[in-house]
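Asks: have a look at this prediction, sequence included:
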Amino acid sequence: MYDIHCHITYDVDDGSQTLDESVKMAEIAYESGVKGIVATPHSNVPRSFKNYWSSELLGKVRELREELVRRNIPLKIFCGQEIFCTRNTVELLKAEKLITINNTRYPLVEFGFYDQSHDVMEILKEIISLGYTPVIAHPERYAFVNENFDAIERIKLSGCLLQVNKGSLFGSFGEEARECASRMLAMRMADVVASDAHSPYMRTTEMNSAHEYICENYSYDYAKYVLNVNPGLILQNSKIYRF
Ligand SMILES: [Fe+2]
């Protein structure tokens, strides 16, 4: 499995706070069957975490990679960001201040939980016009999606990919998010399932439970598709296929 959404970089956001916590998150991931993780710190969040491209930020990823080699944990760490979308996102992408998933044409993007559908679509269209394929982080958590599931259809038709959170499968983000995630999986609309892990203690990097859950409730092939095949293709900057 590959996990394309994880707050494993330490001391940059509300995820891992120390190098030791990051190592524990890596250990948990590897033991649960994950081969590679994309480090996606919150970025461009208004009045909060900025984490624009910087040599310091990349240095932290390098430091974690080196520590994993020292401790014999054969887990790959890729660079990325969870980019909070605002009106300035397109300009920041053009200025190369943002980091896409493993520097591919796939940026991982999030929105405010109460953003309006119309505004979201406007920003997504602008990002797509630059040649990117946005991967929408946890669409099941947004109010505009919970209010009207057609929004999922519209986002999908625009060419974006949908990344569901592991926790949403188990109701960690409330009943509405759980129901929406389960509908997306039942309709085979989710393209990727990722941990969105923030620590080794809760919202963890353990992914075997997600694999088992999707196998039992949907199918083994679909579990492989959203946890392994698609995230692997995204990391290689390849086109994903529709399930
Ligand atoms: Fe996240």
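Replies: Sure, I can see it.
Asks: what's the pLDDT at Phe243?
Replies: Looking at Phe243, its pLDDT is 79.
Asks: use 337 as the first number for this chain going forward.
Replies: Sure, I'll start numbering at 337, so the last one becomes Phe579.
Asks: burial measure for it, as a count.
Replies: Neighbour count for Phe579, taken as other C-beta atoms under 10 Å: 14. Every residue, glycine included, has its C-beta placed from N, CA and C.
Asks: what about Ala513, distance to the ion?
Replies: According to C-beta to the ion, to the nearest Å, Ala513 and the ion sit 14 Å apart.
Asks: remind me which helix or strand that residue belongs to.
Replies: Element membership for Ala513, per DSSP states H and E: helix 511-522.
Asks: what lines up beside whatever helix or strand comes next after that helix in the sheet?
Replies: On the C-terminal side of helix 511-522, the closest following helix or strand by DSSP H and E is strand 528-530. Looking at strand 528-530 with DSSP bridges, its partner strands are strand 497-501 (parallel).
Asks: which residues touch the helix ranked longest in the chain?
Replies: The helix that spans the most residues within the chain, counting by DSSP state H, is helix 391-406. Outside of helix 391-406, the residues within contact range by C-beta atoms under 8 Å, 6 or more residues apart in numbering are 344-348, 355, 358-359, 362, 375, 377, 387, 410-411, 413, 415, 435.
Asks: what mean pLDDT does whichever helix or strand comes after it have?
Replies: Of the helices and strands lying after helix 391-406 in sequence (DSSP H and E), the nearest is strand 412-415. Here strand 412-415 scores 98 as its mean pLDDT.
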